[in-house]
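Trainee: missing the sequence, but the structure's below:
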C-alpha cells in the first residue's frame, strides 16, 4: 500500500503540532492588531499629535478637530461631517471637498465659514491622525 504507515500516535502528534502552530500564529496576529490599535506605534502618532497641537495653537489659520460623525458621503464630491474642534469642544457642521475623513480621526485643516454662515468649509486637509 505505498509508503503510508498507519501510526495513530504519529498522526495525532502531527495534528497537535499543526494546531499549536496555527494557534500561535493566530494569537500573534491578534496581539499585534490589538497593540497597534492601542497605540503600539504611539511614538510617531504621539509626535504628530503634539506637532498638530503646537501648530494649531501658534497659527489660528490651522484648526484641529475630531470627526464626530459623518452626515453624508457624496462620491466624487466630498463629505459632510460634524467636527468637534480641539480646545473649545464646539461641534460644527463641516464640508470636506473631495476628502473622506474617518469617524474618530483628528484632522488638521484650513478653511472658513461657508455662505450659509454655519458650515465650516475646508480648503485643505493638512494631516489626518487616525
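Mentor: That came through fine. Worth saying up front: this structure is predicted, and the values here are computed from it rather than measured.
Trainee: what's the spacing between residue 102 and residue 20?
Mentor: Applying C-beta to C-beta, to the nearest Å, the value for residue 102 to residue 20 is 37 Å. No exception for glycine: its C-beta is placed from N, CA and C like everyone else's.
Trainee: What residue spans form the domains of the chain?
Mentor: Using automatic domain parsing, the domain ranges for the chain come out as 1-40, 43-129.
Trainee: so how far is the last one off the chain centroid?
Mentor: The reference is to domain 43-129. Centroid separation for domain 43-129 versus its chain: 14 Å, with C-alpha atoms, centre = their mean, to the nearest Å.
Trainee: which element is residue 112 on?
Mentor: strand 106-113 (DSSP states H and E).
Trainee: Other residues contacting the next helix or strand after that strand?
Mentor: Counting by DSSP H and E, the next helix or strand C-terminal to strand 106-113 is strand 120-129. Residues outside strand 120-129 that contact it (C-beta atoms under 8 Å, 6 or more residues apart in numbering): 45, 48-49, 52, 62-63, 83, 92-97, 99, 101-102, 105-114.
Trainee: ok, now stretch 55-70?
Mentor: So stretch 55-70 is contacted by 52-53, 79-87, 91-92, 94, 101-111, 120, 126 (C-beta under 8 Å, 6+ apart).
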